[in-house]
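**Q** I would like to see how this sequence folds:
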Amino acid sequence: MAKTKTAETPKDVNGFILEFTDSEQKRKDSHELIRLMEEVSGFQAKMWGPSIIGFGSVHYKYASGHEGDIPLVGFSPRKAAISLYVSTGESGQEDLINALGKFTMGKACIYVKKLADIDQEALVVLMKDTMKRTKEKYA
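**A** Numbers count the residues shown, from 1 in each chain. Predicted coordinates for the structure are as follows:
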């Protein structure tokens with residue numbers, strides 16, 4: 001069975017932000033997200049794979065037998081937008097998603113151009129909801 005690419009690595013988070021981000025605003029937003037996600041999750045920022053900054057972890061196992069570890073919440077300061085790895089589209093999350101502000105949504109994440117575009121209090125509630133759902137799903 002293939003090994004997942006998104007595994008925790010020893011790479012330095014701050015070094016990654018300095019080398020990977022393309023603007024001062026994205027660096028500033030990344031440091032603010034680290035502060036916020038560490039505070040909300042209770043876990044230190046760690047690198048997951050080559051470009052995801054994750055917080056905490058949970059072990060999953062699918063019916064197919066595939067298993068691995070994933071961060072509870074995380075983000076990646078990608079060139080086009082910051083990818084926020086939080087639950088989206090789950091039943092009962094509509095109000096949380098609608099309260100966020102200006103973003104686009106992918107299959108597994110939310111994309112924001114800059115942190116100022118979204119309501120951080122709504123993001124905190126969404127992160128807490130994500131962690132709760134993820135722990136329940138894989139406990």
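
**Q** could you say what helices and strands the lowest-mean-pLDDT helix or strand in the chain packs with?
**A** Lowest mean confidence among the helices and strands of the chain (mean pLDDT, DSSP states H and E): helix 94-99, at a mean of 85. In terms of contacts (3 or more CB pairs under 8 Å, 6 or more residues apart in numbering; DSSP states H and E), helix 94-99 is packed against helix 120-138. Backbone N, C-alpha and C define where each C-beta goes, glycine included.

**Q** output the below-cut-off pLDDT ranges for this protein.
**A** 1-5 (pLDDT under 70).

**Q** show me the strands in it, by range?
**A** Under the criterion DSSP state E, the chain contains strands at 8-9, 45-48, 52-55, 58-61, 67-70, 73-77, 82-85, 104-105, 110-112.

**Q** got a markdown table for these, with distance to Asp22 and mean neighbour count too?
**A** Formatted as a markdown table, the strands of the chain follow (distance: least, CB to CB, whole Å; neighbours: other CB atoms under 10 Å):
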| stretch | distance to Asp22 | mean neighbour count |
| --- | --- | --- |
| strand 8-9 | 21 | 14 |
| strand 45-48 | 18 | 21 |
| strand 52-55 | 16 | 24 |
| strand 58-61 | 31 | 12 |
| strand 67-70 | 26 | 16 |
| strand 73-77 | 8 | 25 |
| strand 82-85 | 12 | 23 |
| strand 104-105 | 19 | 12 |
| strand 110-112 | 15 | 19 |
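
**Q** do you know which of the ones you listed lies nearest Glu19?
**A** strand 73-77 (10.9 Å; CB to CB).

**Q** now the closest one and helix 120-138, what's the angle there?
**A** Angle of strand 73-77 versus helix 120-138, following axes from the mean of the first three to the mean of the last three CA atoms, to 10 degrees, is 120 degrees.

**Q** gap between strand 73-77 and the chain center?
**A** Here strand 73-77 is found 3 Å from its chain centre; the criterion is CA atoms, centre = their mean, to the nearest Å.
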